[in-house]
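Trainee: Let's see this in three dimensions:
(one chain, ligands or ions: 1)
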Amino acid sequence: MGQDGARKRAHHPFRERPTNRSGIKPLGVRQHFRHIKAMSKLPRLSALPSRLSALPSALPVQAHDGTERSRQRDADAPWRAWYKTAAWERKRQEVFARDLYQCQRAECGRIIVAPHERVCDHRRPHRGDPALFWDDGNLQTLCKACHDGAKQAEERRAAR
Ligand SMILES: [Zn+2]
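Mentor: Sure, this is the predicted structure:
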């Protein structure tokens, strides 16, 4: 080592703090890591959903998709906005948990593993009635296949 080591130290890039053109000294390495450490103490995104669900039910979680058609649909059926609330998201998760993630159609009964395959179904169509819409007793877990099948059957009955 000896001389060689001393020369290396003298040329260490972090020893000197060059100022940039604006005259501001960039953060030193130690300050930089202190900064990162402080940033990592900020609330994490994963903590946000629980806070969102504490908001009043009338607040939409998602923005509307903004198309004229969807705006018109929402105006015709204001209850569509209920599906976009944090309260509804909480409600459906409660229903799934209560039903042990099992499709409630007796002929099916499968455990629905994939979240996007779970449907929180209204046994009696709510048709804009908030009491029916929010009633736990009127809600059940269905797999997507059963839900879509039941809906199609309903529509066929209506068409007859
Ligand atoms: Zn099913």
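Trainee: next structured bit after the strand or helix carrying A75?
Mentor: Per DSSP states H and E: A75 is located in helix 68-76. Downstream of helix 68-76, the first helix or strand assigned by DSSP H and E is helix 86-98.
Trainee: in that following helix, what counts as buried?
Mentor: 86-92, 95-96 (16 or more other C-beta atoms under 10 Å). Heads up, the C-betas are built off the backbone N, CA and C, glycines and all.
Trainee: Residues of this structure that sit close to the ion?
Mentor: 103, 105, 108, 143, 146 (C-beta under 5 Å from the ion).
Trainee: low-scoring stretches of this structure, by residue?
Mentor: 1-27, 29, 32-33, 35-66, 151 (pLDDT under 70).
Trainee: By residue count, tell me the biggest helix in it.
Mentor: Assignment by DSSP state H gives helix 144-159 as the longest helix of the chain.
Trainee: Name the residues that touch that helix?
Mentor: Here helix 144-159 makes contact (C-beta atoms under 8 Å, 6 or more residues apart in numbering) with 103, 105, 108, 116-119, 121, 142.
Trainee: what's the answer for stretch 109-120, then?
Mentor: 91-92, 95-96, 100-103, 139-145, 147.
Trainee: can you name the two of those that are farthest apart?
Mentor: Greatest spatial distance among these (C-beta to C-beta): K91 and A145, at 22.3 Å.
Trainee: hmm, back to that, which members of the residues of the chain next to the ion are classed as buried?
Mentor: Buried among the residues of the chain next to the ion by 16+ other C-beta under 10 Å: 103, 105, 143, 146.
Trainee: farthest-separated two in the residues you listed?
Mentor: R105 and C143 (7.8 Å).
Trainee: didn't Q104 look like it was pressed against L142?
Mentor: Yes. Using C-beta atoms under 8 Å, Q104 makes contact with L142 at a distance of 6.2 Å.
Trainee: Spit out the residues that contact the two alike.
Mentor: D121.
Trainee: Neighbour count: the two, which is higher?
Mentor: Neighbour count, other C-beta atoms under 10 Å: between Q104 and L142, L142 has more, with 24 against 17.
Trainee: so what strands line up beside the helix or strand where the more buried one lies?
Mentor: Using DSSP H and E, L142 sits in strand 139-143. Applying DSSP bridges, strand 139-143 is found paired with strand 118-122 (antiparallel).
Trainee: buried set for the helix or strand that the strand it pairs with is followed by?
Mentor: Downstream of strand 118-122, the first helix or strand assigned by DSSP H and E is helix 130-134. Buried residues in helix 130-134, counted by 16+ other C-beta under 10 Å: 132-134.
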